[in-house]
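Undergrad: Build the 3D model from these lines:
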Amino acid sequence: MSDPSTTSRDVSFQRHFLLVVATVVLLLVAWYATDVLLLIFGGVLLAVFLRGLAELLSKFTHLPAGWSLAVVLVLLTAIVVASGWYFAAEIASQFDQLSGKLTTAWEELRAQLSNYNWGRQLLDMTPSGQGNSEQDRSGGSEIIGHMTSVLSTGLGAVANMVIILFIGIYIASSPDLYRSGLLHLVPMPRRARAAEVLDTLGSTLRWWIIGRLISMTIVGVATTVGLLILGIPLALALGVIAFLFSFVPYIGPILAVIPALAVGFTQSPTDALYVAGLYFAVQMAESYLITPLIQQKNVELPPALTLSVQTLMGVLLGTLGILFATPLAAVGLVAVKMLYVQDVLKDPMEGEAQSQAKSDSP
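TA: Predicted structure coming up:
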């Protein structure tokens, strides 16, 4: 007759072994499906944004949630179409000019570098565009290869946007269905806490999106107005670039200043210096004034943590990783505070701080 204690230990060992195996399998699946998971997360971000607008509209108009979401989608589509119709020709023209300005800036830089020995040596390391017919054919093949790569990347980006759009609309139309589905995966005694965590994460993402949109708009408008005051050409196109790139904090503004400096350089080195000063001032205002004020209603992300997460996600997951690094960091920070600091470490200060923040919110 077997010992009951031995049988109990065997059953416990089997359960723990199966749990470890299941965890490893889930981690492997998550690693190989990171792109899909990031697209789903992008859809969740869009759903949170759309649902927030729909609830706000329903609050003031007393429309049902479904009708409010339909109205929001129609209004957003109309705004995008009208804006595209109004600005498309001018922005396309300015982007064409921007391409020409960048080419001019490169030619002027080559001319200045050719005045120095080290500059000529550096230019010799770049493709000269001259050579025999075999080299020309090779260059043509490389151009075709680059065009194919760009086209493939563009089609992939459009497909990703479509996937995010449909995921966002489906989740925004029935959020309770997906919320209850997630909660059913949690043991009964922990469902109330899980629901609290999900609600807090949703609120965090909503405020993060609102804060990002406000910050992006201020950066775009300030950059455009500043460039117009400085007399820099293509101010609208450069302002659109600054608006879009500022979605990714810290890294985006650095990338956005590069074409602006090139355009300023075609005017004069002094104009390029003024452009650098403008972007620096806008970035300082965004980092130390605008964002801190917005983060009073949002989770506060330390700059070092944000940059570290962006770098890590960029190395591991590429462009999508950089794009969604900041909201993922915000979600992760809230989850760590609630599930580890509060629930595991039983830190009363963290819980009191969150309760105080809830009581202070309108």
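Undergrad: I'd assumed residue 200 was in contact with residue 193.
TA: No: the criterion here is Cβ atoms under 8 Å, and residue 193 misses it with residue 200 at 10.6 Å. Yep, even glycine has a C-beta here, placed from its N, CA and C like the rest.
Undergrad: neighbour-wise, which of those two wins?
TA: residue 200 (18 against 14; other Cβ atoms under 10 Å).
Undergrad: Can you classify residue 264 by secondary structure?
TA: Taken by DSSP: H, G, I helix; E, B strand; the rest coil, the conformation at residue 264 corresponds to helix.
Undergrad: Hmm, it is touching residue 274, no?
TA: Yes: using Cβ under 8 Å, residue 264 is in contact with residue 274, at 6.8 Å.
Undergrad: Number of residues surrounding the residue lying closest to residue 195 once chain neighbours are set aside?
TA: Of all residues not flanking residue 195 in the chain, residue 183 sits nearest, at 5.9 Å (Cβ to Cβ, 6 or more residues apart in numbering). By the criterion of other Cβ under 10 Å, residue 183 has 15 neighbours.
Undergrad: ok, now residue 32?
TA: By other Cβ under 10 Å, the residues close to residue 32 number 9.
Undergrad: any idea how far residue 304 lies from residue 341?
TA: Residue 304 sits 19 Å away from residue 341, going by Cβ to Cβ, to the nearest Å.
Undergrad: Who has more neighbours out of those two?
TA: Relative neighbour count places residue 341 above the other of residue 304 and residue 341, with 15 against 8, counting by other Cβ under 10 Å.
Undergrad: Distance check, that one against residue 258.
TA: Distance of residue 341 to residue 258, given as Cβ to Cβ: 40 Å.
Undergrad: in terms of contact, does the residue nearest to residue 195 touch residue 191 like I think?
TA: Yes: Residue 183 is in contact with residue 191 according to Cβ under 8 Å; the separation is 5.3 Å.
Undergrad: Show me what stretch 72-81 is in contact with.
TA: Stretch 72-81 is contacted by residues 50, 53, 54, 57, 169 when judged by Cβ atoms under 8 Å, 6 or more residues apart in numbering.
Undergrad: most surrounded residue in those?
TA: Ranking the contacts of stretch 72-81 using other Cβ under 10 Å puts residue 54 first, with 24 neighbours.
Undergrad: now that one, what's its secondary structure?
TA: With three-state DSSP as the criterion, residue 54 reads helix.
Undergrad: distance of residue 328 from residue 196?
TA: 20 Å.
Undergrad: who has more neighbours, these two?
TA: Neighbours were counted for residue 328 and for residue 196 using other Cβ under 10 Å; residue 328 has more, 18 against 11.
Undergrad: Which residues are in contact with that one?
TA: 41, 309, 313.
Undergrad: Going along the chain from the helix or strand in which residue 182 is found, find the next helix or strand for me.
TA: Here residue 182, judged by DSSP states H and E, is contained in helix 175-183. Downstream of helix 175-183, the next assigned helix or strand under DSSP H and E is helix 191-230.
Undergrad: which helices and strands does that following helix pack with?
TA: helix 34-61, helix 175-183, helix 235-245, helix 251-267, helix 269-285, helix 291-294, helix 325-335 (3 or more Cβ pairs under 8 Å, 6 or more residues apart in numbering; DSSP states H and E).
Undergrad: make it 10 Å
TA: Helix 191-230 sits against helix 34-61, helix 175-183, helix 235-245, helix 251-267, helix 269-285, helix 291-294, helix 325-335, helix 348-360, with contacts defined as 3 or more Cβ pairs under 10 Å, 6 or more residues apart in numbering; DSSP states H and E.
Undergrad: before we move on, the earlier item: who has more neighbours, residue 264 and residue 274?
TA: Using other Cβ under 10 Å, the more surrounded residue of residue 264 and residue 274 is residue 264, with 27 against 19.
Undergrad: how close does the closest residue in space to residue 69 that isn't next to it in sequence get to residue 185?
TA: With sequence-adjacent residues excluded and distances taken as Cβ to Cβ, 6+ apart, residue 69 is closest to residue 54, at 4.1 Å. Distance from residue 54 to residue 185, counting by Cβ to Cβ: 26 Å.
Undergrad: what stretches of the protein score poorly on pLDDT?
TA: The chain contains residues with pLDDT under 70 at 1-17, 19, 30, 86-102, 123, 125-154, 292, 295-300, 348-362.
Undergrad: quick revisit: any residues in contact with both of residue 264 and residue 274?
TA: Shared contacts of residue 264 and residue 274, defined by Cβ atoms under 10 Å, 6 or more residues apart in numbering, are found at 227, 230, 232.
Undergrad: residues near the first one, how many?
TA: It refers to residue 227. By the criterion of other Cβ under 10 Å, residue 227 has 25 neighbours.
Undergrad: correct me, but it touches residue 279?
TA: Yes: using Cβ atoms under 10 Å, residue 227 is in contact with residue 279, at 9.5 Å.
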